[in-house]
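Visitor: pasting a predicted model and its sequence here:
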Amino acid sequence: MWTALLDDARLAPSPHNTQPWQLHVLSDAEAELYAVADRTLPTTDADGAFMTAGMGIFVEALDVAAAARGLTVEAEPVYPNLGAGGVGSMLFARLRLTERQGPAEFPLELLEQRRTARGRYDGRAVAPESLAALERVVTSAGHEVRFTSDIDTVQWIVGLNADTVFYDLADDPTRTEIGRWIRTSDREARERRDGFSPRCLGFPGPIVSLFFFRHALFANRPTRWLLRRILVRSMRGTATVGWIEGAWTTPEEHYQSGRMLMRFWLELTRQGLYLQPFGSVITNATAHARMTARLEAEERDTSVWLLLRVGYTAPPPRSLRLATDELVA
């Protein structure tokens with residue numbers, strides 16, 4: 001049963017498609033969930049907040065897979081350090097399967113249908129009833145979500161995301177860490193089955209290679225202007241953006257936010273929508289400050305921890321995943 005659940009849950013998204021999880025089966029009913037330090041982001045996620053949220057996403061995906069079989073995954077997280085300084089395989093949570101009380105909230109096929117869409121959208125603003133359904137998921141977890149289809153704000157957010165690419169590439173440690181997860185050919189992506197493939201990024205492999213590993217070529221203003229324009233055009237058709245704000249201080253808050261985000265993404269999939277998270281805008285200090293100023297987010301007791309664009313498009317390609325047996329500890 002654990003193998004079957006893992007085979008479904010491995011389709012869950014993770015930061016940079018790192019897939020940091022491993023499962024150690026103890027019995028038919030019990031297992032341990034580990035996080036692999038080599039698959040974390042100690043530079044851009046030094047406190048482990050987003051990786052902890054990623055583990056929450058995975059636990060929620062396991063529970064969705066279990067619900068389809070009349071079961072519930074009960075999790076007892078222990079919250080190891082998933083940021084800078086983490087080593088080896090770290091016990092993240094103890095898991096137990098129990099009989100499920102009540103129907104499944106999300107059908108299993110939504111895990112298969114869920115995608116990250118980094119290319120063009122079709123230009124339609126998201127329907128109000130769909131936004132209301134997404135808001136219910138977020139508010140039920142104690143967070144707030146705001147959406148806008150104001151064209152000036154949407155274009156500004158898309159432009160900020162493009163600017164943030166250059167902010168990150170100008171920083172050597174950040175560029176090095178991101179580069180670990182860049183695959184410069186579809187062949188390499190198939191061999192590694194993790195990270196960002198050219199196909200999913202929507203750019204040819206040689207361009208991806210130049211951009212991330214020959215970044216000095218784009219230092220002059222005309223070249224940078226041209227590349228920024230290409231990045232923005234690759235996301236044309238975006239008509240709605242959104243952001244989630246809530247408690248984002250403790251590992252438990254990060255974990256619970258991740259579990260909610262998986263439910264949010266599945267509800268979004270049920271509504272026929274796709275999203276692209278603008279994670280670098282959140283983690284880059286310069287971009288984050290620009291974002292909060294534009295959105296007038298005060299961030300006193302809460303944080304804007306997710307910025308995204310959402311809309312309609314043809315089904316995009318799926319990022320490849322590690323095989324199930326590679327995820328068994």
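Guide: Structure's in. What do you need? These numbers come from a predicted model, not from an experiment.

Visitor: okay, helices next: where are they in the protein?
Guide: Remark: helices assigned in the chain by DSSP state H are 2-9, 49-67, 109-113, 128-139, 151-169, 172-179, 186-192, 198-201, 205-213, 221-233, 251-270, 279-283, 285-295.

Visitor: lowest average confidence across those helices, which one?
Guide: Among those, helix 205-213 carries the lowest mean pLDDT, a mean of 85.

Visitor: which parts of stretch 200-207 are buried?
Guide: Using 16 or more other Cβ atoms under 10 Å as the burial criterion, the residues of stretch 200-207 that qualify are Cys200, Leu201, Gly202, Phe203, Gly205. (C-beta placed from N, C-alpha, C; glycine too.)

Visitor: what's the nearest residue in space to Trp181 that is not next to it in sequence sitting at in phi/psi?
Guide: Excluding the flanking residues, the one nearest Trp181 by Cβ to Cβ, 6 or more residues apart in numbering is Gly195, at 3.7 Å. Main-chain dihedrals, Gly195, degrees, to the nearest 10: phi 70, psi -160.

Visitor: residues contacting Gly195?
Guide: For Gly195, the contact set (Cβ atoms under 8 Å, 6 or more residues apart in numbering) comprises His16, Asn17, Thr18, Arg180, Trp181, Ile182, Arg183, Ala189.

Visitor: between these, which sits nearest Arg114?
Guide: Closest approach between the contacts of Gly195 and Arg114, by Cβ to Cβ: Asn17, at 13.3 Å.

Visitor: what number of residues lie near the nearest residue to the closest one once chain neighbours are set aside?
Guide: Of all residues not flanking Asn17 in the chain, Ser319 sits nearest, at 4.8 Å (Cβ to Cβ, 6+ apart). Ser319: 24 surrounding residues under other Cβ atoms under 10 Å.

Visitor: what do you get for Trp156?
Guide: Trp156: 16 neighbours (other Cβ under 10 Å).

Visitor: can you check His143 too?
Guide: Neighbours of His143 using other Cβ under 10 Å come to 23.
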